[in-house]
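> Model the following, please.
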Amino acid sequence: MISCPSGAADASRCLRLRALAPLTLLAVAACASSTTTTGGTTPAPVLPAAMRVPSPDPRIGLKAGWFDPGEAAWNMRVVSKTRPSKDFLNLESPGDLRLTNSDLAFNGKHVFMGNYAGYQVFDVSNPSKPTLAASFVCPGSQNDVTTYKHLLFTSAEATSGRTDCGTQGVPDTISAVRARGIRIFDITDVAAPKYIATVQTCRGSHTNTLVTDPGDPTNVYIYVSGSAGVRSAQELSGCSGGSPDVDPTTALFRIEVIQVPLANPAAAKIVSSPRIFADAKTGKAQGLRGAKIHEEVDPEIVRAAAFRDSMAIARGQAPRPNERIITQCHDITVYPALGLAGGACLGMGLLLDIRDVKNPKRVDQVADSNFAAWHSATFSNDGSKVLFSDEWGGGSAPRCRPTDKPQWGADAIFTIADRTKLTFQSYYKIPDVQSAVENCVSHNGSLIPIPGRDVLVQSFYQGGITMVDFTDAAHPVEVGFYDMGPMDSTKLVQAGYWSSYWHNGLIYASEKARGLDIFELLPGAWFTQNEIDAAKLVRFDHLNVQEQPQYVWPAAFVVARAYVDQLTRHNGLDGSRLTAISSALTAAETLQGPARTAALTELANQLGRDAMTAADAPKVRLLAGTVSAIALE
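All right, here's what the predicted structure looks like:
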């Protein structure tokens, strides 16, 4: 047992570290065909002092404030902070939930920021001084945003949302103007968007995932995850919340797939409603049952789980004592390059085959009694791993206190075998402690394109932003962070980072109450300048993070040097040999034509021989492949 000091800050941190110690012994409670597994049973490597989280942790005890809180950072720095525009800022009510900033999407020089009351667009041509390009009021929550070329899609779930984007709400129980589904806008002129249509769905759209089909360039598709109650058939024909045993057309136990013709987006429509939760053997719609959350949770969490179960219990077979019926997904991350998707479905995580985009099919599923609300998913770049986050408490509660178990509101990391099998490896949660006035739980993030590594930048609401290296799936480690003090030191005021995404060399973060923040990586023990420069080589014209792109690096000397740096950091090859390799790269870069080709070809051949005895043979082979590719340029 780790003994803890008496000082308040150090004691708090020690309590969290003591709680983290047994994480490698925790098991995932699986369901259906999945088996109970344990992960991370090998000892974690001992890190040099320069690679460890600073101690004492500077995140503990930061000064509270709305726009002037205390700040702490490690391996990253602030580039700019941009407050919300006047339509999305209530100066009299900090943390006004009606003005919550939500997700981000990227299109050209613009960043689109969703907000429960509409969306904002920022021109980030100069990241140090973003400018407001548009402020569009259109209530409906969450206004999850995705873009494609000249189109913008937003999610509407609240019953007050209107098809005309009015702010007066919808007082009638049944109304033709209520918008619950996907709103479509033409953003050819970003400053003057044109409403095109609303594709109505029976449960609204909590989140949406844009999917491109390589074999269908004339359409894009939207996967809709709706988590609200089923609307009346009088308002939208065909909607039913009945038990699937009685009504096979029930809107429960399914997602929606919307097809959007690019030449005529007004003709967008639902083309399928896949029953991804169905029992694989019997075909019954309510086939999946997630593990009941752990008994040691507090009453608030128990109530949250009970609410999710209540709809299923009222309309179908009641869950068993240790299980939850799964009726919906919260978010789906697709990886078109691999034909896979990760469904974070509130009670469990799903692995989907999406090679037929219109008809995704479940190939495996996992459940965990330590997870309350599976929220989102991120694949490793090679598709060998997937990380699921748990938004325990819905993101509104403090879940990073010293007394909170470290697997509550954490990430769960799984390896993927043969595209069909998920195997649990470990949990990850920010290793510091937050106060009782800070909502803190894992949320949205994306990969940083460092070649040879799996590094995720991720939001933890008022727990700040964390960067985690999960290259070793059994031993994830924090490699950087940024945090601010709470909104208020006397009470919990909702705020914190909703999304933190890498895009074209920088980290963009949506803070629920404070606006758009932009960061950059700093070189140090965890990130060399070569690794940072190599990551900046990966660029996209547009990005919707839940349509995960595959990172491909050009044949470049800086990419080769990034691999050399990684081999040096982890002693993957003899130090004298790495010095010789660095010298050979430097010499080859000064050459041209056949002389460069010959030098690089010889170095690649040497590296092939090095890999036979190297401690990190796979990394040496990656280096050899890059050197060979440069030789062919």
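> Name the helix or strand for Gly608, please.
Using DSSP states H and E, Gly608 falls within helix 593-610.
> so what does that helix touch, helix or strand wise?
helix 575-589, helix 617-631 (3 or more CB pairs under 8 Å, 6 or more residues apart in numbering; DSSP states H and E). Quick note: C-beta positions are derived from backbone N, CA and C, even for glycine.
> what residues go with each domain of this structure?
84-202, 557-631 (automatic domain parsing).
> The ones you listed: which one's closest to Asn208?
Closest to Asn208 of these is domain 84-202 (CB to CB; 4.9 Å).
> got the end-to-end distance for the closest one?
32 Å (CA to CA, to the nearest Å).
> For that domain, what is the distance to the chain centroid?
Centroid separation for domain 84-202 versus its chain: 20 Å, with CA atoms, centre = their mean, to the nearest Å.
> For Gly464, find the nearest of the domains of the chain.
domain 84-202 (15.5 Å).
> Surely Tyr482 is within a strand?
Yes: residue state for Tyr482 (DSSP: H, G, I helix; E, B strand; the rest coil) corresponds to a strand.
> That one is in contact with Pro69, isn't it?
No: assessed by CB atoms under 8 Å, Tyr482 is found out of contact with Pro69, at 11.7 Å.
> more neighbours, those two?
Tyr482 (24 against 18; other CB atoms under 10 Å).
> So what sits opposite the more buried one in the bridge?
Following DSSP bridges, Tyr482 is listed with bridge partners Ala73, Ile465.
> any idea how far it is from Ile326?
35 Å (CB to CB, to the nearest Å).
> relative orientation of the helix holding Gly608 and helix 575-589 in degrees?
Relative orientation of helix 593-610 versus helix 575-589 (axes from the mean of the first three to the mean of the last three CA atoms, to 10 degrees): 160 degrees.
> then helix 593-610 to CSV, C-alphas only?
What follows is helix 593-610 as a C-alpha-only set of coordinates in CSV (Å, rounded to 0.1, in the frame of the first residue of the first chain):
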residue,chain,number,x,y,z
GLY,A,593,20.3,12.6,-57.4
PRO,A,594,22.0,9.1,-57.6
ALA,A,595,24.4,9.9,-54.8
ARG,A,596,21.5,10.5,-52.4
THR,A,597,19.6,7.4,-53.6
ALA,A,598,22.7,5.2,-53.2
ALA,A,599,23.4,6.5,-49.6
LEU,A,600,19.8,6.1,-48.5
THR,A,601,19.5,2.7,-50.1
GLU,A,602,22.6,1.5,-48.2
LEU,A,603,21.2,2.9,-45.0
ALA,A,604,17.9,1.2,-45.5
ASN,A,605,19.7,-2.1,-46.0
GLN,A,606,21.7,-1.6,-42.8
LEU,A,607,18.5,-0.8,-40.9
GLY,A,608,17.0,-4.1,-42.2
ARG,A,609,19.9,-5.9,-40.6
ASP,A,610,19.7,-3.8,-37.4
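> buried ones in that helix?
596-597, 599-601, 603-604, 606-607, 610 (16 or more other CB atoms under 10 Å).
> Stretch 56-64 now?
57-60, 62, 64.
> Settle this for me: Val493 is touching Lys512, isn't it.
No: counting by CB under 8 Å, Val493 does not reach Lys512; the two are 10.0 Å apart.
> which of those two has more neighbours?
For Val493 versus Lys512, the count of surrounding residues by other CB under 10 Å is larger for Lys512: 27 against 21.
> Check the spacing between the more buried one and His570 real quick.
Taking CB to CB, one finds Lys512 at 37 Å from His570.
> And Arg183, by the same measure?
Distance from Arg183 to His570, by CB to CB: 48 Å.
> Which neighbours do Val493 and Lys512 have in common?
Gly95 (CB atoms under 8 Å, 6 or more residues apart in numbering).
> Walk me through the regions of the stretch 301-450 of the chain where pLDDT falls short of the threshold, as ranges.
For the stretch 301-450 of the chain, the stretches flagged by pLDDT under 70 are 301-323.
> where do the strands sit along it?
Here the stretch 301-450 of the chain has its strands, by DSSP state E, counting those that start in this stretch, at 323-325, 331-335, 340-344, 349-353, 361-366, 374-379, 385-390, 411-417, 421-428, 445-448.
> Buried residues, the last one. List them.
Neighbour-count burial for strand 445-448, with 16+ other CB under 10 Å as criterion, is recorded at 445-448.
> What is the nearest of these to Val220?
Ser446 (20.0 Å).
> what's the closest one in contact with, if anything?
Contacts of Ser446 by CB under 8 Å, 6+ apart are 378, 456-457, 500-502, 545, 548.
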